[in-house]
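> Next one to model:
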Amino acid sequence: MQLQMATEIAPPEQGEAEGCIQCQMGSKLVLFVTGKCHWGCDYCPLSDNRRESPDMFANERRCSNFDEVIEEGKAMRATGTGITGGDPMLDFEKTVLAIKELKMAFGDDHHIHCYTSIPIKPEQARKLGESGLDELRFHLLDLSLERYTESVNAASEAGITVGIELPAEPDKEEKLMKLLSELDNSVVEFLNLNELEITIGNQGNMDVRGFNLAGGITAAAEGSAELATKLKKAADGMSFHVKFCTANFKDAGQLRNRFRRRGEATLRPYEILSDDDTILFGAIPCPLEYASDDVKELSETLGLMDGWIRYDASNQRIEIPLSAAEDVAEHLNVPVQMIEVHPTHERLEVGMVYLNELR
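From the prediction side, this is the model:
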């Protein structure tokens, strides 16, 4: 059996979780509801600015209320949301409110999945089901279903699709193989295995456990993919679906697909989307006091309609189509630039190239 390693948008496998299907397309809003978590997993890749933070993030955008979350969802034409943390169950009421707000804004078809490591109480499972949660993914801290059985069954009874999501830790093969038998014929519908990643946040812990990078330009731990392959084969014929998501796909697949989707939805008339899923446009630096006259002159000279030229006061520059900037670069005695930004709410600038010799 060939192990599916998700590296591009591909037809879903039979039994694949709906949350995974939408995430692979880049159409899922990522809602970080809280950084609270008391488990301290040594492989946790969470960045320091989010660890234990009470703040919400919708994709890369820090949000102070749900109106901003909904705005970000609309900006990327989200078909669903993945609620993560920290552990969302440690801010249970906020998580329930998030589900309700998202369903109210986008409709019942907006697919919501949520992660937790906590064996939640049956009444919490019922409340999540009543709020509209579609899918709940348990992270089993001891790699055993036993202490989670009541929670898993309660969630399933509440109408929630239940799955397990874990990193494929190369030194946990025996426990993970045993887990497969526990999951077989349970109400669990899928097991997602993520390639273990070595990051800045967990590198010290991974060194202690003797894990090395798999090589090349990847954050993957050596041996993780091989273990996932063995687990996939061992689960053949069992009652649940197994999917493996590589570190490369999480970084270069899911993220880029989401960036592309948001970029396509939010491009200004004068902007273009690059092959790297960044936004490109031309720019001419211009102090605020000259902006009105210079914009008018450029509009008339280049024949640019409304919306195809804009003054960015925060960066003090006139923004125009890249093709127009290339055409006028050699004729102007001021710098002309190509600007590259990420298609995120903050529009992080990641590149600037001068199109003429003036700097």
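> Quick one: the strands in the stretch 201-350 of the chain, in order.
For the stretch 201-350 of the chain, the strands defined by DSSP state E, counting those that start in this stretch occupy 241-245, 272-273, 279-285, 310-312, 317-320, 337-341, 349-354.
> Under the pLDDT cut-off, which ranges of this structure? List them.
Low-confidence regions of the chain, defined by pLDDT under 70, span residues 1-11, 45, 216-217, 251-253, 359.
> Off-centre distance for stretch 267-278?
The chain centre lies 20 Å from the centre of stretch 267-278; the measure is C-alpha atoms, centre = their mean, to the nearest Å.
> contacts for it?
For stretch 267-278, the surrounding residues in contact (C-beta atoms under 8 Å, 6 or more residues apart in numbering) are 256, 259-260, 263-264, 279-282, 304, 307-310, 319-322, 324, 340-343, 350-351. For glycine as for every other residue, the C-beta is placed from the backbone atoms N, C-alpha and C.
> Quick check: Y354 touching P335?
Yes. Assessed by C-beta atoms under 8 Å, Y354 is found in contact with P335 at 6.0 Å.
> Looking at these two, which one has more neighbours?
Counting neighbours by other C-beta atoms under 10 Å for Y354 and for P335 shows that P335 has the greater number, 17 against 12.
> Now do the helices in the stretch 51-200 of the chain.
With DSSP state H, counting those that start in this stretch as the criterion, the stretch 51-200 of the chain has helices at 66-75, 92-106, 122-131, 149-157, 173-183.
> can you redo those as JSON lines with distance to I112 and mean neighbour count?
Formatted as JSON lines, the helices of the stretch 51-200 of the chain follow (distance: least, C-beta to C-beta, whole Å; neighbours: other C-beta atoms under 10 Å):
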{"stretch": "helix 66-75", "distance to I112": "11", "mean neighbour count": "18"}
{"stretch": "helix 92-106", "distance to I112": "6", "mean neighbour count": "18"}
{"stretch": "helix 122-131", "distance to I112": "9", "mean neighbour count": "18"}
{"stretch": "helix 149-157", "distance to I112": "13", "mean neighbour count": "19"}
{"stretch": "helix 173-183", "distance to I112": "23", "mean neighbour count": "16"}
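> Output those in JSON lines; the columns should cover distance to C37.
What follows is the helices of the stretch 51-200 of the chain, written out as JSON lines (distance: least, C-beta to C-beta, whole Å):
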{"stretch": "helix 66-75", "distance to C37": "20"}
{"stretch": "helix 92-106", "distance to C37": "13"}
{"stretch": "helix 122-131", "distance to C37": "17"}
{"stretch": "helix 149-157", "distance to C37": "17"}
{"stretch": "helix 173-183", "distance to C37": "21"}
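> Just the CA atoms of stretch 140-160, as PDB, please.
Output of stretch 140-160 as PDB, limited to C-alpha atoms (Å, rounded to 0.1, in the frame of the first residue of the first chain):
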ATOM      1  CA  LEU A 140      -3.900  11.500  23.200                       C
ATOM      2  CA  LEU A 141      -1.200  12.500  25.700                       C
ATOM      3  CA  ASP A 142      -0.400   9.000  26.800                       C
ATOM      4  CA  LEU A 143      -1.000   7.500  23.300                       C
ATOM      5  CA  SER A 144      -3.900   5.400  24.700                       C
ATOM      6  CA  LEU A 145      -7.600   5.800  24.100                       C
ATOM      7  CA  GLU A 146      -8.500   4.400  27.600                       C
ATOM      8  CA  ARG A 147      -8.700   7.700  29.600                       C
ATOM      9  CA  TYR A 148     -10.500   9.400  26.600                       C
ATOM     10  CA  THR A 149     -13.100   6.800  25.900                       C
ATOM     11  CA  GLU A 150     -16.000   8.500  27.800                       C
ATOM     12  CA  SER A 151     -15.200  11.800  26.100                       C
ATOM     13  CA  VAL A 152     -14.900  10.300  22.600                       C
ATOM     14  CA  ASN A 153     -18.200   8.400  23.000                       C
ATOM     15  CA  ALA A 154     -20.000  11.500  24.300                       C
ATOM     16  CA  ALA A 155     -18.800  13.600  21.400                       C
ATOM     17  CA  SER A 156     -19.900  11.000  18.900                       C
ATOM     18  CA  GLU A 157     -23.300  10.800  20.600                       C
ATOM     19  CA  ALA A 158     -23.500  14.600  20.300                       C
ATOM     20  CA  GLY A 159     -23.300  14.300  16.600                       C
ATOM     21  CA  ILE A 160     -19.600  15.300  16.300                       C
END
